[in-house]
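Asks: next one to model:
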Amino acid sequence: MSVVLECLDLGKTYTEGPQCLEVLRQISLQVKRGEQLAILGSSGSGKTTLLNLLGGLDLPSRGRVIIAGQDLAEVDETERGRLRNLYLGFVYQFHHLLAEFNALENISMPLLIGGYSRKDALQKSQIMLERVGLLDRASHKPSELSGGERQRIAIARALVTEPACVLLDEPTGNLDRNTALNIQALMSDLNEKLDISYIVVTHDESFADTLDRKLFLRDGMLHG
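Replies: Below is the predicted model:
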């Protein structure tokens, strides 16, 4: 099974004046194609920082993050953006949909950024909208959707480019229990059908238990 994302001896230190805060240290990790990985940890443990490093949204103080064989620290921001768009998807606790665009248009954004024509982007987005069960909401704007529907749209947007790996930061943290369970079932179904890897940061151990593997972030290090 191929490795889609890995990091080697990853560390992140923040400096404020004479003070140095080491948030992450000595983190090495491989994620294989189709694998669903949960990362758990207390608030302030550095989970989101780790996710940002793995996604190339921030650069490590030391160590390497490798996507598609490419070390993200060795390329410029333009190339990092291209690699993110090609190989990664992102889902957050708050959906970050664009209020002025409808559901279908929101899903199409990564494709348009990636160079698709508007016609092709909307056609591909319509297929993904159907996969998440919201084809009848295509013309609805985010304000006209429920919290669960907005999160489904966010997941569809993350998956529309058919990335190798999707990074999810508390994807069910802002939802009621029943809606959260529906989102978890959707993620599992899409993982099975599309063979896309997930790295999920969550506080929810019951959610983590449904995934293939879980790791705990404590004292800046990952533990099995």
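Asks: now the helix or strand of the chain at the bottom of the mean pLDDT ranking: buried residues?
Replies: Lowest by mean pLDDT, DSSP states H and E among the helices and strands of the chain is helix 177-194, with a mean of 83. For helix 177-194, burial by neighbour count (16 or more other C-beta atoms under 10 Å) applies to Thr179, Ala180, Asn182, Ile183, Gln184, Leu186, Met187, Leu190, Asn191. In short, each C-beta sits where N, CA and C put it, glycine included.
Asks: can you give me the end-to-end span of stretch 128-139?
Replies: 14 Å (C-alpha to C-alpha, to the nearest Å).
Asks: for Pro171, helix, strand, or coil?
Replies: Using DSSP: H, G, I helix; E, B strand; the rest coil, the structure places Pro171 in coil.
Asks: hang on, isn't it packed against Ile155?
Replies: Yes - with contact defined as C-beta atoms under 8 Å, Pro171 counts as touching Ile155 (7.4 Å).
Asks: more neighbours, those two?
Replies: For Pro171 versus Ile155, neighbours defined as other C-beta atoms under 10 Å are more numerous around Pro171 (27 against 24).
Asks: circling back to that earlier point, so what secondary structure elements neighbour the least confident helix or strand of the chain?
Replies: strand 36-40, helix 147-159 (3 or more C-beta pairs under 8 Å, 6 or more residues apart in numbering; DSSP states H and E).
Asks: which among the ones you listed is found nearest to Thr13?
Replies: strand 36-40 (19.7 Å; C-beta to C-beta).
Asks: how far does that closest one sit from the chain's center?
Replies: Computed by C-alpha atoms, centre = their mean, to the nearest Å, the chain-centroid distance of strand 36-40 equals 11 Å.
Asks: now for it, which elements pack on it?
Replies: By 3+ C-beta pairs under 8 Å, 6+ apart, strand 36-40 packs against helix 47-54, helix 177-194, strand 197-201, helix 205-208, strand 213-218.
Asks: so where's this structure shaky on pLDDT?
Replies: Within the chain, the ranges that satisfy pLDDT under 70 run 1, 93-95.
Asks: hmm, back to that, give me the common contacts of Pro171 and Ile155.
Replies: Val91, Ile183, Met187 (C-beta atoms under 8 Å, 6 or more residues apart in numbering).
Asks: ok, now which ones touch the last one?
Replies: Contacts here follow C-beta under 8 Å, 6+ apart; on that basis Met187 touches Gln36, Ile155, Leu168, Pro171, Tyr198.
Asks: for it, give its distance to Pro171.
Replies: 8 Å (C-beta to C-beta, to the nearest Å).
Asks: do the same with the first one
Replies: Using C-beta to C-beta, we find Val91 at a distance of 5 Å from Pro171.
Asks: now do the shared contacts for these two.
Replies: Gln151, Ala154, Ile155.
Asks: in TSV, list those along with distance to Asn85.
Replies: Shown next, in TSV, are the shared contacts of Val91 and Pro171 (distance: C-beta to C-beta, whole Å):
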residue	distance to Asn85
Gln151	21
Ala154	16
Ile155	17
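Asks: need the contact list for Val200.
Replies: Gln36, Leu37, Ala38, Ile39, Leu168, Pro171, Phe207, Ala208, Leu211.
Asks: my bad, Leu53
Replies: Here Leu53 is in contact with Cys7, Leu10, Lys12, Leu24, Leu59, Pro60, Val65 (C-beta under 8 Å, 6+ apart).
Asks: same list, those, but as CSV with secondary structure please.
Replies: Shown next, in CSV, are those (three-state DSSP):
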residue, secondary structure
Cys7, strand
Leu10, strand
Lys12, strand
Leu24, strand
Leu59, coil
Pro60, coil
Val65, strand
